[in-house]
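Student: Give me the fold of what follows.
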Amino acid sequence: MHTPPRASGGLAALGVLALCFLMNALARGVGETYAVFLLPIGGETGWDRGALTSVYSIYMAATGLASPFVGLAFDRFGPRVLYLFGLLSLGGGFALASGMTHLWQLYLSVGLMGGLGIAALGMIPASALISRWFDVRLASAMAVASAGLGTGTLALAPVAQLLVEHQGWREAYVFLGGGVLLLAVPTALLPWRRIEKGRVAHQTIQPVSGSIGRGGPMLAQAIRTRPFWALFGVYFFTAVGVFAVSLQSVAYLVEHGFAPLQAAGAFGFTGMLSIVGMLVTGAAADRYGNRITATISYLCTLTGIAALFLVQAVPGFALVVVFVLFFGVSMGARGPIVSTVSATLFAGRGMGAIFGTIATGQGLGAALGSWLAGRLHDATGGYDVGFLMSSGFVLVAITLFWTVPELKARRERHA
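Tutor: Below is the predicted model of the structure:
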């Protein structure tokens, strides 16, 4: 059973954790609705799948490439500036998408502005904030924040599908973008000085044994270490495998006879199960170590991909259920592990910039995976090659946990 994370800051710490959870839910939930928009935009404009998935690739590339700068901005300006920028960029981008008539406008609004906004709202500021408030059960706290990613997908994917069906995709973008913009007002009024300060003991926290220097490494030092690039690789290879499948899953199911709302619902439920997976992963990593926990999660991912692959050969909903269960429970499950290892090895003033740069791997991997999947679909007329490619990248990610010692250890607990 999952044990709620504890922290010296009591209710204040839990409030910060709730804030990080909600911002993650909003960012990922709004961003991942693009899977619902693929077919209706393509139907109106006539653009092929490769062109449409390239928008998502730009969105993820922008998220990844912005990540180091988001980390630096957190270290320099604090979370208030980042979160407000993220809300304005994401909300403004999606609102502008409602009026687009050319592909480049979708690149700019959903791709660039959406990607920048999500980077500023996601796990980079969340990881830096949580590391200031939690030390006991740090992995569990990271998992709770990461679970916001799945919550947002669960809540907003079906909502977006209903809006598209009843109002049209342009009006759906107005609704999503406007809602995000309105949240900037209450966000600006939060007690940011207290939130940013962290608990009293934060000023005396030192990196664990094995970190660089008593005050913690800065980015220039961290990038010369093996764990940094191993964590970058975990994010990159995992993202290629996962996002090549997740972005195409709604369209794939629709093309194989499922109703659009059923397909969007299945996609949303993978988000719901990812909440469970992230929470379980955080607790399991604290108890059993990263290597075993990560390996089991990757095997679940591979099982889910195989089930989705077989849907085309075996009619009915049974294999969709298998896909949702296994792919969903493992989607995002590696995030708490990477966040925790980063916060443990690289604790200090440079944490924001270091984790932001590591997170670039996820953005670049997701961009490559979604782009390759779209191009392979257009080139082959199907999804088989894309699914096989995804599985290969997942296998590469597994090997990092078995070859890099710093990734396998169980985090020591402190009273």
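Student: Contact partners for Phe236?
Tutor: Shown in contact with Phe236 (CB atoms under 8 Å, 6 or more residues apart in numbering): 361-362, 364-365. C-betas here are computed from N, CA, C, even on glycine.
Student: Apply 6 Å and report the result again.
Tutor: Contacts of Phe236 were listed using CB atoms under 6 Å, 6 or more residues apart in numbering, and they are 361, 365.
Student: Quick one, grab the pLDDT at it.
Tutor: Looking at Phe236, its pLDDT is 95.
Student: just Gly91 next, same as before
Tutor: For Gly91, the pLDDT comes out at 95.
Student: before we move on, what about Thr101?
Tutor: Here the pLDDT value assigned to Thr101 is 89.
Student: count of residues packed around it?
Tutor: When neighbours are counted by other CB atoms under 10 Å, Thr101 registers 7.
Student: got the phi/psi numbers for it?
Tutor: Dihedral pair for Thr101: phi -130, psi -10, per degrees, to the nearest 10.
Student: could we number from 760 for the rest of this?
Tutor: Understood, numbering begins at 760; the last thing we discussed is Thr860.
Student: Could you check how far it is from Ala1125?
Tutor: 27 Å (CB to CB, to the nearest Å).
Student: cool, Phe1146 as well?
Tutor: Relative to Ala1125, and taking CB to CB, Phe1146 is found at 16 Å.
Student: which of those two has more neighbours?
Tutor: When Phe1146 and Ala1125 are compared for neighbours, Ala1125 comes out ahead with 29 against 22, by other CB under 10 Å.
Student: Test my guess that that one contacts Ile817.
Tutor: No. Assessed by CB atoms under 6 Å, Ala1125 is found out of contact with Ile817, at 10.9 Å.
Student: Contact partners for Phe934?
Tutor: For Phe934, the contact set (CB under 6 Å, 6+ apart) comprises Leu922.
Student: how near is it to Ala856?
Tutor: Using CB to CB, we find Phe934 at a distance of 12 Å from Ala856.
Student: The closest residue in space to Val1153 that isn't next to it in sequence in helix, strand or coil?
Tutor: Nearest-residue entry for Val1153: Gly1000, 3.9 Å, with adjacent residues in sequence omitted and distances by CB to CB, 6 or more residues apart in numbering. Following DSSP: H, G, I helix; E, B strand; the rest coil, we place Gly1000 in the helix state.
Student: burial measure for Gly1000, as a count.
Tutor: Other residues within reach of Gly1000 by the criterion other CB under 10 Å amount to 27.
Student: Next up, the contacts around it.
Tutor: Residues counted as contacts of Gly1000 (CB under 6 Å, 6+ apart) are 1149, 1152-1153.
Student: Now do it against Leu781, distance only.
Tutor: Using CB to CB, Gly1000 is found at 28 Å from Leu781.
Student: now, which of the contacts of Gly1000 lie within helices?
Tutor: Of the contacts of Gly1000, the ones assigned to helices by DSSP state H are 1149, 1152-1153.
Student: So what's the residue count around Arg1046?
Tutor: When neighbours are defined as other CB under 10 Å, Arg1046 has 13 of them.
Student: what stretches of this protein score poorly on pLDDT?
Tutor: Scanning the chain for pLDDT under 70 picks out 760-768, 895, 958-975, 1168-1174.
Student: Now with 50, please.
Tutor: Scanning the chain for pLDDT under 50 picks out the ranges 760-761, 765-767, 959-960, 962-972, 1170-1174.
Student: Tell me how far Ser1033 lies from Tyr1142.
Tutor: In this structure, Ser1033 and Tyr1142 are 21 Å apart, going by CB to CB.
Student: Give me the more crowded residue out of the two.
Tutor: Ser1033 (27 against 24).
Student: Next up, identify which helix or strand the more buried one is on.
Tutor: Assigned by DSSP states H and E, Ser1033 belongs to helix 1019-1047.
Student: Of the contacts of Gly1000 - the most surrounded one?
Tutor: Counting neighbours by other CB under 10 Å, Ser1149 leads the contacts of Gly1000 with 27 neighbours.
Student: OK, contacts around that residue?
Tutor: Residues in contact with Ser1149 (CB under 6 Å, 6+ apart) are 1000, 1003-1004, 1064.
Student: Give me the buried subset of the residues you listed.
Tutor: 1000, 1003-1004, 1064 (16 or more other CB atoms under 10 Å).
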